[in-house]
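# What follows is a predicted protein model with its sequence.
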Amino acid sequence: MKYLSTRGDTTPRGFSDILLEGLAPDGGLYLPTHYPQVDETTLTRWRRLSYADLAFEILSLYIDDIPAADLKALVHRTYTREVFGTDAIVPLRRVEDGIHIEALSNGPTLAFKDMAMQLLGNLFEYELARRGEELNILGATSGDTGSAAEYAMRGKRGVRVFMLSPKGRMSAFQQAQMFSLQDANIHNLSIEGVFDDCQDIVKAVSNHLDFKRRWKIGTVNSINWARLLAQVVYYFAGYFQATSGRVQATPERVSFAVPSGNFGNVCAGHVARMMGVPIHRLVVATNENDVLDEFFRTGTYRVRGTAETHETSSPSMDISKASNFERFVFDLLGRDGGRTKALFADAIAKEGGFTLTADEFARVAGFGFVSGRSTHADRLATIRDAWQRCGTMIDTHTADGLKVAREHLDAGVPMLVLETALPAKFAETIREALGREPERPAGLEGIEALPKRFTVLPADTDRVKAYIESHCD
Ligand SMILES: *Cc1c(COP(=O)(O)O)cnc(C)c1O
């Protein structure tokens, strides 16, 4: 399989070439030249596989520059009961008739980002060893991404992580999760500033090309194709579980509702659907930051400014633009790189957004996408209803998914709501909704009391650079 850019650069690249890269040189995102098709015979065969074996089959279609035996071993090391809590890895649980929750958040950091990041850690370690290279991952986080990256890269040879977070602005639980890691290759930098300061420092360091090259600075952001590919697997696994064991009235298709921010999760659903998984609808659920809902209702994509970006109680969906969205639009436009570039490079730079033509927008329905938005009041009501009436406790992001899912039910089509985090991460809102503490998975009681390992630095790019230099040897 070869990869090309969404902005027209068709220089063929292999999986290993793009694994450690971010954007394509022309500023676009990488996509495979085509989506391998999976027919009914193959679906029937895959239905019986373990999660790791299923992941291996799917990954093999997109990765031909890692020997099969190595890839298989790597995938089997990643998706284990020890790391994800169950043999099913992504078990379904019933909410009510026709609605299930697919649990994606039983990895080490209790959010779905572990599903991809755990694989990425093993892929990075493998590829770096093969090349005899090292990588220093530099990132900024206000929660989920940073901790998922640290738990994926801890103890990995050839990789160091320098993770910037705004001092005193993460929840006690999230801070404890990150700062309690004692691995020598993990560096928590607590920055005296806000999240934007952290992000600005990361950008400034990455724009300093000499420094970047000299110290082998890389990132693990959500535009990485390997992350998206890892996520394709649980759409297959969810479909198999929802349609298993039903001799009669076997549902032919399923729908997925996806709490969305940067469009990485639901974009993996799009890929699964393009490969042939019988997906009826892909329901994009947003919070008050409704860039994506606006697009799917109107055909207008409008990047928001800081003043228009709300801090909500589903904070991992608080985005001003959706960084993976360009991948879907490229497919929507019949893979026209020139048109995609005109929209994402030119129109966004000039006007802060774009509106599709009526013809282009009319094609969206053919890709199964629908959308909706949810507010803080909706989240509270949905969490309460799920707990009191359905007996299941859900987190704020999953609540956004469930709320919007209910607006798009079709008779006879099971709806799978993706659980993107566990309630334990968002205790404050759970208390507000239910008047009680969220359940906390075994082993995480009292992590706030563990010894913490972090360094406080001012919001100063040079100080961060100096720290990196003195900790790379
Ligand atoms: C990252 C995240 C999301 C959003 O996922 P995208 O891939 O950015 O759309 C939703 N919920 C939680 C809990 C997350 O951590």
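On my side now, so go ahead.
# Please count neighbours and contacts with C-alpha atoms only from this point.
OK.
# where in the stretch 1-150 of the chain is pLDDT low?
Filtered on pLDDT under 70, the stretch 1-150 of the chain yields no residues whatsoever.
# By proximity to the ligand, which residue of it wins?
residue 144 (5.0 Å; CA to the nearest ligand atom).
# Dump stretch 117-132 to PDB, restricted to CA.
The C-alpha trace of stretch 117-132 is given here as PDB (Å, rounded to 0.1, in the frame of the first residue of the first chain):
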ATOM      1  CA  MET A 117      -1.700   5.200  21.100                       C
ATOM      2  CA  GLN A 118      -0.800   1.800  22.700                       C
ATOM      3  CA  LEU A 119      -0.200   0.500  19.200                       C
ATOM      4  CA  LEU A 120       1.700   3.600  18.100                       C
ATOM      5  CA  GLY A 121       4.100   3.200  21.000                       C
ATOM      6  CA  ASN A 122       5.000  -0.300  19.900                       C
ATOM      7  CA  LEU A 123       5.200   0.700  16.200                       C
ATOM      8  CA  PHE A 124       7.500   3.700  17.000                       C
ATOM      9  CA  GLU A 125       9.800   1.500  19.100                       C
ATOM     10  CA  TYR A 126      10.000  -1.100  16.300                       C
ATOM     11  CA  GLU A 127      10.600   1.400  13.500                       C
ATOM     12  CA  LEU A 128      13.200   3.400  15.500                       C
ATOM     13  CA  ALA A 129      15.100   0.300  16.400                       C
ATOM     14  CA  ARG A 130      15.000  -0.900  12.800                       C
ATOM     15  CA  ARG A 131      16.500   2.500  11.600                       C
ATOM     16  CA  GLY A 132      18.800   2.900  14.600                       C
END
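# So what touches that stretch?
By CA atoms under 8 Å, 6 or more residues apart in numbering, the list of residues contacting stretch 117-132 from outside reads 16, 19-20, 74-75, 78, 134-135, 148-149, 151-153, 156-159, 226-227, 230.
# quick one: contacts for the residue of the stretch 1-150 of the chain closest to the ligand?
Counting by CA under 8 Å, 6+ apart, residue 144 makes contact with 109, 111, 113, 174, 316.
# so how far is residue 460 from it?
In this structure, residue 144 and residue 460 are 24 Å apart, going by CA to CA, to the nearest Å.
# cool, residue 386 as well?
If you measure residue 386 against residue 460 using CA to CA, the figure is 45 Å.
# ok, now residue 9?
Taking CA to CA, one finds residue 9 at 36 Å from residue 460.
# ranges for the helices of the stretch 201-350 of the chain?
Shown for the stretch 201-350 of the chain, the helices assigned by DSSP state H, counting those that start in this stretch span residues 209-214, 225-242, 264-275, 291-298, 325-332, 337-341, 348-351.
# hang on, I meant the stretch 51-200 of the chain
According to DSSP H, counting those that start in this stretch, the helices that the stretch 51-200 of the chain contains are 51-62, 68-78, 81-84, 113-131, 144-153, 172-179, 195-207.
# coming back round to it: TSV for the contacts of residue 144, including neighbour count?
Shown next, in TSV, are those (neighbours: other CA atoms under 10 Å):
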residue	neighbour count
109	25
111	23
113	27
174	21
316	22
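# now, which of those lie close to the ligand?
111, 316 (CA under 6 Å from any ligand atom).
# Closest one to residue 284 out of the contacts of residue 144, please.
For those, the minimum distance to residue 284 (CA to CA) is 14.6 Å, reached by residue 316.
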